[in-house]
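Asker: Next input, structure requested:
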Amino acid sequence: MSQVEAHLSVLKLFNEKADKLLDSMFFKFIREKKEFAVKFSAKKGEAVRFETQLPDQHAVDEFVLNFRFFIQDNEKSSFRNMTRLYEKLPVSQNLKSEFLKLANNLNDFLDSEPDVKYRIFKEPLTRRNIMEVFIWGNIAHANQTKKQIFDEWKRDSIVFPMLEFSFSSILEAILRAIRYAKEINERAIDEMRRTV
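Answerer: Numbers count the residues shown, from 1 in each chain. The predicted model follows:
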């Protein structure tokens, strides 16, 4: 397999996994409901009640099964590996810059605090912290440290629904980035095919 063919296969893998996410129950929930929501009500002498409008656990689990292809560095299709790939792809500088800007913006987003600010363990949480605790501490792995944090979050009946809301919102934002990256990949594939 030539180097160009190897590069094309990685771009195609990314796009195949993106298509699975765009065909997931999680994405169908987004299309049908339009937005996530957490509402709570409190009456004197009663426990706080929460009403959530979030994808169910089955939809989240299905989504994360394919989503990990974009965040695990042992996968060629991870954003970090794709960034390295774009630096050496035989495509226009505009496409390279567009992908690199997208990846940098995504990292900035993940390293920032969510809209709802949390101070747990006296440290402000970033979106990346929340995502990693949910994924590596509960859904896709049981990393001991992250599992302990997840279990502690889950015991807090007031904060946990809001963390679930943040997690779903983070996944939705990353999905938008993945969909945009897929469009960039399609243009890169077209450019590369014209030069072969």
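
Asker: how close does the nearest residue to Arg80 once chain neighbours are set aside sit to Phe67?
Answerer: Leaving aside its chain neighbours, Arg80 sits nearest to Asp73 (5.4 Å; criterion: CB to CB, 6 or more residues apart in numbering). Using the backbone N, CA and C atoms, a C-beta is placed for each residue, glycine as well. Distance of Asp73 to Phe67, given as CB to CB, to the nearest Å: 14 Å.

Asker: more neighbours, those two?
Answerer: For Asp73 and Phe67, the more surrounded residue by other CB atoms under 10 Å is Phe67, and the numbers stand at 24 against 9.

Asker: Could you find the closest non-adjacent residue to that one?
Answerer: Nearest one to Phe67, counting by CB to CB, 6+ apart, is Leu21 at 6.4 Å.

Asker: give me the element that neighbour is part of.
Answerer: Element membership for Leu21 (DSSP states H and E) is helix 3-22.

Asker: Do me a favour and average the pLDDT over the helix or strand following that helix.
Answerer: Downstream of helix 3-22, the next assigned helix or strand under DSSP H and E is helix 25-33. Helix 25-33 shows an average pLDDT of 84 in the prediction.

Asker: switch to numbering from 554
Answerer: Understood, numbering begins at 554; the last thing we discussed is helix 578-586.

Asker: Dump helix 578-586 to CSV, restricted to CA.
Answerer: The C-alpha trace of helix 578-586 is given here as CSV (Å, rounded to 0.1, in the frame of the first residue of the first chain):
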residue,chain,number,x,y,z
MET,A,578,-29.5,7.2,18.9
PHE,A,579,-27.6,10.0,20.7
PHE,A,580,-27.6,12.1,17.5
LYS,A,581,-31.3,11.2,16.8
PHE,A,582,-32.1,12.5,20.3
ILE,A,583,-30.4,15.8,19.4
ARG,A,584,-32.3,16.1,16.1
GLU,A,585,-35.7,15.3,17.7
LYS,A,586,-35.3,17.2,21.0
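
Asker: Residues contacting it, please?
Answerer: 574, 606, 608-609, 611-613, 615-616, 724-725, 728 (CB atoms under 8 Å, 6 or more residues apart in numbering).

Asker: I'd like to know which of the residues you listed are part of helices.
Answerer: 574, 611-613, 615-616, 724-725, 728 (DSSP state H).

Asker: Pipe those residues into a markdown table and attach distance to Lys735 and pLDDT per row.
Answerer: Shown next, in a markdown table, are the ones in helices among the contacts of helix 578-586 (distance: CB to CB, whole Å; pLDDT from 0 to 100):
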| residue | distance to Lys735 | pLDDT |
| --- | --- | --- |
| Leu574 | 9 | 95 |
| His611 | 24 | 89 |
| Ala612 | 20 | 88 |
| Val613 | 21 | 89 |
| Glu615 | 19 | 91 |
| Phe616 | 16 | 91 |
| Leu724 | 16 | 93 |
| Glu725 | 16 | 91 |
| Leu728 | 10 | 94 |
